[in-house]
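> Using only what follows, build the 3D model:
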Amino acid sequence: MEEALRVLEYLTKFGINLGLERIKALLHQLDNPQKFLKVIHIAGTNGKGSTGAIISAVLQTVGYRVGAFTSPHLVSYTERISINGVPITEKEFAALLSVVASSFQKVQDATGENPTEFEVLTAMALLYFHIQQVDIVILEVGMGGDIDSTNVISAPLLSVITNVSIEHKEYLGASLPEIAEKKSGIIKAQRPVITASNNEAVLAVLSQKARDNKSEFHEVYREMRWSLEEETSDGQTFKLQSTQQEYGSLYLSLRGEHQVVNAATALLALEVLVTLGWRITLEDIRAGLSVVRWPGRLEVVNTEPLVLIDSAHNPAGMEVLANWLRKQRPKFKNVIFVIGMLADKDRAASVRYIDELVDKVIITKPPSSRAGDFEEMSSYFTKTKENIIVIESLYAALETAMGYAKKGDILLVAGSIYLIGEVRRYFQK
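So this is what the prediction gives:
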């Protein structure tokens, strides 16, 4: 595995280089494994992972073998490629990378460029799922959609675009319609598409692309109705009704009202699968919702003091986290907030959502080359400006925060997914 990590580290020097020429050349050398897979393709600013995890959990309950390609990882690269929730082994990962790497030179000869890290991981996942003969693949877009390396799937079972917010402006555009246009690239001819966006400008773009492709267009906010019932210590119950079915009261083992939206999106996708001949019952849905796990999202990693981590790493994610915290705030005496965000995210907009809800703030550095001037976040907190500390070392920041947290308090850690992965590792020790 050490050699595999060295290869991936070498590939990172090629950075983000969107386009399909290299990944197509690479897959050609591998005999195009993607052509043999049944795929649910998922794009969106936030909620891709949770929506995919819910779909996967239900399908596993039925008895299907479900491959999933997600990104980024929390602790290990092996998390990105899994079957039925079990990551590929380090031995398999290293062997697979060796196979794919043997084609690097031919890709360079054909395109004039080396494949990027993400393209190589995409190829590895598609090859692995083909070798393992999975029944279905949950394929998560890395960035955008149209020229993301996952967009080599010409005929998915269906496409899902969870939502669209401003992100990666230098690659995707500065407006919602521009970004929606990029994400709509995963909509394919005569293949159903589902979206949980309720923004009219976004819906206009997505629905037009669906019409152009003669694709069924499903809107979660039009076809699904839900109401929250109760949030428990480890999940929540909600009622759901679609235009096709009355689901009644359901238990979801994920926290936060946004996860109910993700669940509604997943269930609408499952309803579409049923129309395509897949066998899924209401009992399967109840069982799958009750056991789904998606680490690093409103996840409790310690109980005394209470420590909760969440990978809110952009304004849309921080708004969701703030909405959850606002409802839960009366339960806690103090909120100690540890935050570390990457420089290419809108830190100021993110802070505005959470500032008034926290009592003590510790700014720390995400473990990434994209951390940039991490200390600048301290200037954006205005409500808590007298209670801000900057500690570069994440472990030192956590130790300090644990020292502040008393009975009745909550320690909330948020920011970069890379940071959240390190926090999980810290508490697992």
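> Phi first, then psi, for P192.
With angles defined as degrees, to the nearest 10, P192 sits at phi -60, psi 150.
> Do I have it right that it meets V272?
Yes. If you go by C-beta atoms under 8 Å, P192 and V272 touch, sitting 5.0 Å apart. Using the backbone N, CA and C atoms, a C-beta is placed for each residue, glycine as well.
> Mutual contacts of those two, please.
Taking C-beta atoms under 8 Å, 6 or more residues apart in numbering as the contact rule, P192 and V272 both touch 158, 216, 218.
> are any of those residues buried, and which?
Buried positions within these, assessed by neighbour count (16 or more other C-beta atoms under 10 Å), are 158, 218.
> a markdown table for the shared contacts of P192 and V272, including pLDDT and secondary structure?
Formatted as a markdown table, the shared contacts of P192 and V272 follow (pLDDT from 0 to 100; DSSP: H, G, I helix; E, B strand; the rest coil):
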| residue | pLDDT | secondary structure |
| --- | --- | --- |
| L158 | 98 | strand |
| E216 | 97 | coil |
| H218 | 98 | strand |
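> Report the residue ranges of every domain in the protein.
Following automatic domain parsing, the chain resolves into domains at 2-291, 299-428.
> Where do the strands of the stretch 201-350 of the chain begin and end?
Using DSSP state E, counting those that start in this stretch, the strands found in the stretch 201-350 of the chain span residues 217-219, 224-232, 235-242, 246-252, 299-303, 306-310, 335-340.
> Specify the angle between the longest one and strand 235-242 in degrees.
Put plainly, it is strand 224-232. Relative orientation of strand 224-232 and strand 235-242, computed by axes from the mean of the first three to the mean of the last three C-alpha atoms, to 10 degrees: 170 degrees.
> Figure out how far strand 224-232 is from the centre of its chain.
22 Å (C-alpha atoms, centre = their mean, to the nearest Å).
> again, but for the first one
Its chain's C-alpha centre and that of strand 217-219 lie 21 Å apart, by C-alpha atoms, centre = their mean.
> other SSEs contacting it?
strand 193-195, helix 200-212 (3 or more C-beta pairs under 8 Å, 6 or more residues apart in numbering; DSSP states H and E).
> between the ones you listed, which gets nearest to V292?
strand 193-195 (18.0 Å; C-beta to C-beta).
> strand partners of that closest one, parallel vs antiparallel please.
strand 158-161 (parallel), strand 217-219 (parallel) (DSSP bridges).
> Out of the ones you listed, which one sits most buried?
The highest mean neighbour count among these, using mean count of other C-beta atoms under 10 Å, belongs to strand 158-161: a mean of 28.
> for the record, mean pLDDT for stretch 77-95?
Stretch 77-95 comes out with an average pLDDT of 96.
> can you start the count at 49 instead of 1 from here on
Got it, first residue is 49 now, which makes that one stretch 125-143.
> quick one: contacts of that stretch?
Stretch 125-143 is contacted by residues 49, 51-53, 56, 104-105, 108, 113-121, 124, 144, 169, 172-173, 176-177, 180, 182, 341 when judged by C-beta under 8 Å, 6+ apart.
> still on that earlier bit, make TSV from the strands of the stretch 249-398 of the chain and add distance to G469 to it.
Below are the strands of the stretch 249-398 of the chain laid out as TSV (distance: least, C-beta to C-beta, whole Å):
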stretch	distance to G469
strand 265-267	33
strand 272-280	26
strand 283-290	23
strand 294-300	24
strand 347-351	12
strand 354-358	10
strand 383-388	12
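> Buried deepest among the ones you listed, which one?
The most buried one of those (mean count of other C-beta under 10 Å) is strand 383-388, showing a mean of 26.
> could you give the angle of that one to strand 354-358?
Strand 383-388 and strand 354-358 are oriented at 40 degrees to each other (the same axes, to 10 degrees).
> ok, back up a step: deepest in the core, which of the helices and strands packed on strand 265-267 is it.
Scoring the helices and strands packed on strand 265-267 by mean neighbour count under mean count of other C-beta under 10 Å gives strand 241-243 as the most buried, with a mean of 27.
> Quick one: mean pLDDT for it?
Averaging pLDDT along strand 241-243 gives 98.
> swap in stretch 221-228?
For stretch 221-228, mean pLDDT is 88.
> likewise stretch 294-306?
In this model, stretch 294-306 has a mean pLDDT of 95.
> From K96, how far off is D196?
Distance, D196 to K96, by C-beta to C-beta, to the nearest Å: 12 Å.
> neighbour-wise, which of these two wins?
Higher neighbour count among D196 and K96: D196, with 26 against 22, using other C-beta atoms under 10 Å.
> Look at that one and tell me its secondary structure.
coil (DSSP: H, G, I helix; E, B strand; the rest coil).
> If you count residues, where's the longest helix of this structure?
Counting residues, the longest helix found in the chain (DSSP state H) is helix 305-323.
> Just the pLDDT at the residue nearest to V308 when sequence neighbours are not counted, thanks.
Nearest residue to V308, sequence neighbours excluded (C-beta to C-beta, 6 or more residues apart in numbering): F286, at 5.0 Å. What the model reports for F286 is a pLDDT of 97.
> residues contacting F286?
Residues counted as contacts of F286 (C-beta under 8 Å, 6+ apart) are 274-277, 297-298, 300, 308, 311.
> Whichever of the contacts of stretch 125-143 end up buried, select them in PyMOL.
Burial among the contacts of stretch 125-143 is assessed by 16+ other C-beta under 10 Å; the matching PyMOL selection reads:
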select buried, resi 52+104+105+108+114+115+116+117+118+119+120+121+144+169+172+173+176+177+182
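> Point out the ones among the contacts of stretch 125-143 that are inside strands.
The strands, defined by DSSP state E, take in 114-117 from these.
> And what about M191, helix, strand or coil?
Classified using three-state DSSP, M191 is coil.
> Go ahead and confirm it touches A91.
No. Counting by C-beta under 8 Å, M191 stays clear of A91, with 9.2 Å between them.
> more crowded one of these two?
A91 (30 against 19).
> mind listing what the more buried one touches?
Counting by C-beta under 8 Å, 6+ apart, A91 has contacts 189, 192-193, 196, 207-210, 231, 234.
> For the nearest residue to it once chain neighbours are set aside, grab the count of nearby residues.
Distances taken as C-beta to C-beta, 6+ apart put V189 closest to A91, at 4.0 Å, once the chain neighbours are dropped. If you count neighbours by other C-beta under 10 Å, V189 ends up with 25.
> And the longest helix of the chain, how far out from the chain middle?
Distance of helix 305-323 from its chain centroid, counting by C-alpha atoms, centre = their mean, is 16 Å.
> Determine the angle, from 0 to 180 degrees, between that helix and strand 272-280.
Compare the direction of helix 305-323 with that of strand 272-280 by the same axes, to 10 degrees and you get 130 degrees.
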